[in-house]
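# Structure for this input, please:
(one chain, ligands or ions: 1)
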Amino acid sequence: ASQHRLWPEIEKTVKQQVAMARMGIGECGSGWQLFAEDGEMKMYRREEEIDGMVVDPLKAVHVVKGITGHEVCHHFFSPQYRYDWETTLEQMTVLETISDDTLLFLQTHKRIWPASQRDVVFWSHIRKLPNDQDRDGPDIWTVVNNSTGHPDHPANVGKCVRIFLTVCLLCQTRVNPPKDGTPLSRENVSCKITYCSVVNPGGWAPASVLRAVYKREYPKFLKRFTAYVTNQTKNKPIMF
Ligand SMILES: CCCCCc1ccc(-c2ccc(S(=O)(=O)CCO)cc2)cc1/C=C\c1ccccn1
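Numbers count the residues shown, from 1 in each chain. Just a heads-up that it's a prediction; the model follows:
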């Protein structure tokens, strides 16, 4: 994939997004407000507008027992699972398989009244990163999704308003080996998940509607997605 036209952008965006995701909420600059909490899951957002449009950055942190970062990223990246967990998805097309770790997607999302329907074109890249903090710790896995143009799918031609997004899912596996030297099982693993997203809704949508959508949809998405991965992996060998 390194000779693909998108490769320089992918390299730069992945490095940038991973650095941001690894920063704690405190370091990320001020203005983050906790807007949802459920057990281990904490969701923060910053209220930001560009040309009067709501583009509130979102940062969620979650810890899930019994699954690994590779399993979380694999189920987030791979198209074959997406209709199972992405509730607002209406249509998903893989426009291009750039390489086995990089895909180009076209997605249309269900219309959310009173706003018009949205679609998005984005590249998606999955990568294992060396754990440079803890040398012998398990690897870190990430998926970065970033909107891009596509000659066959120009923006705002059909009924859908084109949105623009940058999403980073960063997963750090934790292993607590059993004391008595028995083989590792799912009780001994957990995954720290950081999900960052900035969505520009494209055309105009009422700020109140957008903020209500995000407040309702993001917590639902992360809970549903992580429950899905737990369910898909529970009787399978651990994927590190
Ligand atoms: C007026 C409504 C405008 C917003 C509509 C919308 C835009 C974008 C997106 C969206 C959110 C996450 C991704 S992803 O993380 O890349 C995973 C792959 O699907 C891609 C798209 C969704 C939704 C609609 C609802 C909504 C909003 C948050 C969270 C969940 N659903």
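
# Torsion angles phi and psi at residue 137?
phi -80, psi 160 (degrees, to the nearest 10).

# Please apply the same query to residue 67.
Here is the backbone geometry of residue 67 (degrees, to the nearest 10): phi -130, psi 160.

# Around the ligand, pick out the residues from this structure.
Residues of the chain that fall close to the ligand, judged by C-beta under 6 Å from any ligand atom: 86, 88, 107, 109, 112, 115, 118, 120, 145, 163, 165, 167, 197, 199, 201, 205, 209-210, 213-214, 217-218, 221. From N, CA and C alone the C-beta is placed, and that goes for glycine too.

# can you tell me which of those are in strands?
Among the residues of the chain next to the ligand, the members falling in strands (DSSP state E) are 107, 109, 118, 120, 145, 165, 167, 197, 199.

# Throw those residues into JSON lines and include neighbour count, thanks.
Output for these, formatted as JSON lines (neighbours: other C-beta atoms under 10 Å):
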{"residue": "107", "neighbour count": "21"}
{"residue": "109", "neighbour count": "19"}
{"residue": "118", "neighbour count": "23"}
{"residue": "120", "neighbour count": "21"}
{"residue": "145", "neighbour count": "23"}
{"residue": "165", "neighbour count": "18"}
{"residue": "167", "neighbour count": "19"}
{"residue": "197", "neighbour count": "19"}
{"residue": "199", "neighbour count": "22"}
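
# Could you measure from residue 105 over to residue 150?
Distance, residue 105 to residue 150, by C-beta to C-beta, to the nearest Å: 10 Å.

# who has more neighbours, those two?
residue 105 (20 against 16; other C-beta atoms under 10 Å).
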